[in-house]
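Visitor: predicted model and sequence follow; I will ask about them next.
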Amino acid sequence: MYSIEQRDRQLLNTSATIRYHLYFDEAPRHLVRVVMEIDAPGDELITGFPVWTPGSYKVRDFSTNAGNFVVMDGAGSPLAWEWTGKNKIRIAAAGAELVRIEYLYYAFERTVRTSHINRFHAFINPSNCLMFAEGRQQSIHHVHFHHDRAVWKSLATALAPVHEQTDGGQPAVYGALNYDILADSPVEIGNHFAVSFVQDGAQHDIAIAGHGNFDAQWIAERIKTIIATEAWLFGGLPYDRYVFILQLYPNQRGGLEHARSSVNMWDANLAADKEKAVQFLSLLCHEFFHTWNVKRIRPAELGPFNYNAENYTRMLWLAEGLTSYYDDLLTYRCGFYTRDEYLKLLATEHINKLAEIPGRLAMSVKDSSYLAWTKLYAPNADSNNRFPSYYLKGGVVFLLLDLWIIAQTNGTKKMDDVLLALWDRYQTRPETGITEQEFIELVHQATGVDIAEHFHEWLGSTGELPYSDVFAPFGLVLEEKKSERSQTFGEKQPFLPLPEKVYTGLKLKDENGKTIVSQVDDGSPAAEAGIGVDDEVIAANGRRVTSAKDIDTEAALTGLDTPMLILMSCDGATYETQLLPVHKTEWALCITDSESAASKMLVDYWLSR
Ligand SMILES: [Zn+2]
């Protein structure tokens with residue numbers, strides 16, 4: 001039966017019939033030597049590497065990084081074996097009491113979903129580099145870490161320690177009740193900054209890896225606020241211990257959720273920029289929210305997992321859309337945003353961003369979810385025209401759903417109530433995830449609101465979302481954003497008329513001193529002008545273009561009435577075309593001046609904290 005629940009005490013003093021030994025002698029070359037031991041293998045044993053890692057919907061074929069296989073029995077005699085697919089081997093084990101598989105794994109991809117080893121640390125995602133034994137996934141798995149603990153002093157993981165205390169000379173042994181838990185428990189080993197505390201009745205470990213300039217105490221205090229805010233939302237914490245692995249390296253960002261941990265990667269110098277620091281806190285809120293939504297409350301297709309192939313689901317709007325709505329809302333509830341900042345953010349980062357994606361009119365969010373494996377996780381320069389992200393559109397759908405429920409119940413029910421119903425459902429039947437129909441029924445049970453008709457439309461169609469209808473009861477309106485620039489200079493001296501914000505549908509990048517087209521929006525002036533991705537912009541209105549910024553300035557100064565004459569190059573040959581920019585609308589989410597007491601009550605209920 002599928003379960004990802006594990007308490008530390010369940011592994012204490014256990015033994016395991018599947019054991020991994022990890023050696024780091026060649027860490028500077030990004031290699032880990034793995035020795036996997038399987039007791040009582042039977043006549044034939046099949047072991048394999050997952051081709052993907054849950055939470056990151058792309059086939060990555062981790063077996064690519066493994067090599068130098070040696071397969072033997074307990075006495076060290078070789079056993080016959082062969083590859084039976086890109087990720088699996090079959091071992092003839094008749095008569096052997098034990099099978100020992102030894103291999104090297106090259107771990108040199110710095111992301112939250114892959115493994116990264118160098119002379120300073122090892123970050124290991126077991127789903128990449130530790131093989132599963134077919135038919136044996138439900139048994140206890142142990143991992144023996146053979147690093148030199150005088151050199152790498154700390155180890156952080158949600159895997160459970162097998163011994164209360166480890167002798168310095170012995171390997172550190174950690175365990176998982178089954179392979180799903182092992183695959184879901186990344187490990188950071190090295191000299192990271194470590195801090196632990198108990199909150200809301202559970203142990204919390206924070207491990208901060210990286211060479212950045214950060215204030216660990218400041219981060220730990222904010223994390224305490226996040227834990228308290230989310231524990232309050234769900235009525236407690238669903239674990240005995242949780243590990244925040246933070247990886248702060250230059251120009252990195254990303255996160256991945258696990259049942260008792262999360263990996264949060266961000267730019268090393270987050271303290272240098274307040275806005276970026278708050279975005280990092282929002283990432284922490286996001287990944288921590290996944291402790292409930294995704295790891296436990298989840299689409300039926302996402303757990304149990306098939307590690308050998310894509311696991312398709314039409315419900316990533318629930319997994320990531322709901323989480324995207326709540327990450328900023330929780331950041332606000334934590335007090336990291338003011339109410340005004342939160343409203344501004346909803347407009348700039350959610351509503352305006354979605355409006356800028358032509359693909360929202362080309363594919364439904366359900367299909368975008370189903371095809372995540374070949375769309376969102378395999379983007380190209382044309383992607384924005386073909387589908388909306390289920391994070392972005394899913395998040396906006398949940399904003400609308402929350403407001404819809406609040407308005408329909410006259411400010412007595414909201415998405416929080418749905419979350420509690422979803423959480424209840426998980427606790428009743430943790431082994432199976434939910435379906436779309438079940439979600440709709442749970443909303444009805446929790447709030448009394450029938451969302452079926454609207455919800456099917458919002459998720460299944462490519463039409464625009466009905467902002468004004470849903471916002472109206474709250475006195476909320478989308479107004480065109482006013483320019484914040486002053487019209488005067490010095491002592492009230494008039495400046496030239498400010499150029500209007502214009503839109504060309506052209507996105508450019510600077511590459512080796514050239515200005516190259518990186519994206520052309522469907523139906524935009526640039527598309528009309530016959531400009532293609534990868535073409536080079538040479539001149540605009542007879543003036544040489546030397547950077548991507550030049551063309552935006554030229555377009556703004558030319559205005560809306562006169563076409564720009566553009567000299568372009570494609571395939572080494574030049575062509576001329578005319579580009580006529582159009583007015584660009586950016587929305588601000590405002591509360592109308594004529595706000596009534598009733599609408600004020602609804603807004604206060606929505607944004608109470
Ligand atoms: Zn997420």
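Guide: Everything's here; your move. Small disclaimer: the values here were computed from a predicted structure and weren't measured.

Visitor: get me the contact residues on this protein for the ion.
Guide: 320, 323 (C-beta under 5 Å from the ion). C-beta coordinates here come from the backbone N, C-alpha and C atoms, glycine included.

Visitor: can I see the domain layout of the chain?
Guide: Recorded structural domains for the chain (assignment: automatic domain parsing) are 8-189, 193-282, 316-474, 502-583.

Visitor: K509 against S518, yeah?
Guide: Yes - counting by C-beta atoms under 8 Å, K509 touches S518, with 4.5 Å between them.

Visitor: what's the neighbour count on A207?
Guide: 25 (other C-beta atoms under 10 Å).

Visitor: doesn't it lie inside a strand?
Guide: Yes - A207: assigned to a strand according to DSSP: H, G, I helix; E, B strand; the rest coil.

Visitor: quick one: which of K509 and S518 has more around it?
Guide: More crowded of K509 and S518, by other C-beta under 10 Å: S518, with 15 against 12.

Visitor: pLDDT score for C285?
Guide: The model reports C285 with a pLDDT of 98.

Visitor: what does G559 give?
Guide: 86.

Visitor: how much space separates it from the ion?
Guide: For G559, the distance to the ion (C-beta to the ion, to the nearest Å) stands at 42 Å.

Visitor: so where does I405 fall, helix or strand?
Guide: helix 392-408 (DSSP states H and E).

Visitor: tell me the mean pLDDT for that helix?
Guide: Here the average pLDDT along helix 392-408 is 98.

Visitor: pull the distance from it to the chain's centre.
Guide: Distance of helix 392-408 from the chain centroid (C-alpha atoms, centre = their mean, to the nearest Å) equals 20 Å.

Visitor: and that helix, C-alpha only, in PDB?
Guide: The C-alpha trace of helix 392-408 is given here as PDB (Å, rounded to 0.1, in the frame of the first residue of the first chain):
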ATOM      1  CA  LEU A 392       0.400  30.800 -13.500                       C
ATOM      2  CA  LYS A 393      -3.100  30.200 -14.900                       C
ATOM      3  CA  GLY A 394      -3.800  27.600 -12.100                       C
ATOM      4  CA  GLY A 395      -2.900  30.300  -9.500                       C
ATOM      5  CA  VAL A 396      -5.200  32.900 -11.100                       C
ATOM      6  CA  VAL A 397      -8.100  30.300 -11.300                       C
ATOM      7  CA  PHE A 398      -7.700  29.700  -7.500                       C
ATOM      8  CA  LEU A 399      -7.700  33.500  -6.800                       C
ATOM      9  CA  LEU A 400     -11.100  33.600  -8.700                       C
ATOM     10  CA  LEU A 401     -12.300  30.400  -7.000                       C
ATOM     11  CA  ASP A 402     -11.500  31.800  -3.500                       C
ATOM     12  CA  LEU A 403     -13.300  35.100  -4.300                       C
ATOM     13  CA  TRP A 404     -16.200  33.300  -5.800                       C
ATOM     14  CA  ILE A 405     -16.700  31.100  -2.700                       C
ATOM     15  CA  ILE A 406     -16.400  34.100  -0.400                       C
ATOM     16  CA  ALA A 407     -19.000  36.100  -2.400                       C
ATOM     17  CA  GLN A 408     -21.400  33.200  -2.700                       C
END
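
Visitor: for that helix, which positions count as buried?
Guide: Buried residues in helix 392-408, counted by 16 or more other C-beta atoms under 10 Å: 392-408.

Visitor: what helices and strands are in contact with it?
Guide: Counting contacts by 3 or more C-beta pairs under 8 Å, 6 or more residues apart in numbering; DSSP states H and E, helix 392-408 is packed against helix 322-333, helix 352-355, helix 365-370, helix 415-428, helix 436-447, helix 452-460, helix 467-471, helix 597-606.

Visitor: now render these as TSV, adding mean pLDDT and mean neighbour count.
Guide: As requested, the helices and strands packed on helix 392-408 are exported to TSV (pLDDT from 0 to 100; neighbours: other C-beta atoms under 10 Å):
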stretch	mean pLDDT	mean neighbour count
helix 322-333	98	25
helix 352-355	97	18
helix 365-370	98	24
helix 415-428	98	18
helix 436-447	98	18
helix 452-460	96	16
helix 467-471	97	16
helix 597-606	96	15
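
Visitor: please, where are all the helices along the stretch 251-400 of the chain?
Guide: If DSSP state H, counting those that start in this stretch is used as the criterion, the helices of the stretch 251-400 of the chain fall at 274-289, 316, 322-333, 339-345, 352-355, 365-370, 383-386, 392-408.

Visitor: return the residues in contact with the closest residue to the ion within the stretch 101-250 of the chain.
Guide: Ranked by C-beta to the ion, the top residue of the stretch 101-250 of the chain for proximity to the ion is V112, at 10.5 Å. For V112, the contacting residues are 56, 247, 254-256, 263-265, by C-beta atoms under 8 Å, 6 or more residues apart in numbering.

Visitor: what's the answer for G433, then?
Guide: 297-303.

Visitor: T412: neighbouring residues, count only.
Guide: 12.

Visitor: ignore the last one, Y503
Guide: The burial count for Y503: 18, using other C-beta under 10 Å.

Visitor: quick check: phi and psi on I91?
Guide: Backbone torsions for I91, taken as degrees, to the nearest 10, come to phi -120, psi 130.

Visitor: what does E37 give?
Guide: The phi/psi pair for E37 (degrees, to the nearest 10) is phi -120, psi 130.

Visitor: also W52?
Guide: Dihedral angles for W52 - degrees, to the nearest 10 - are phi -150, psi 170.
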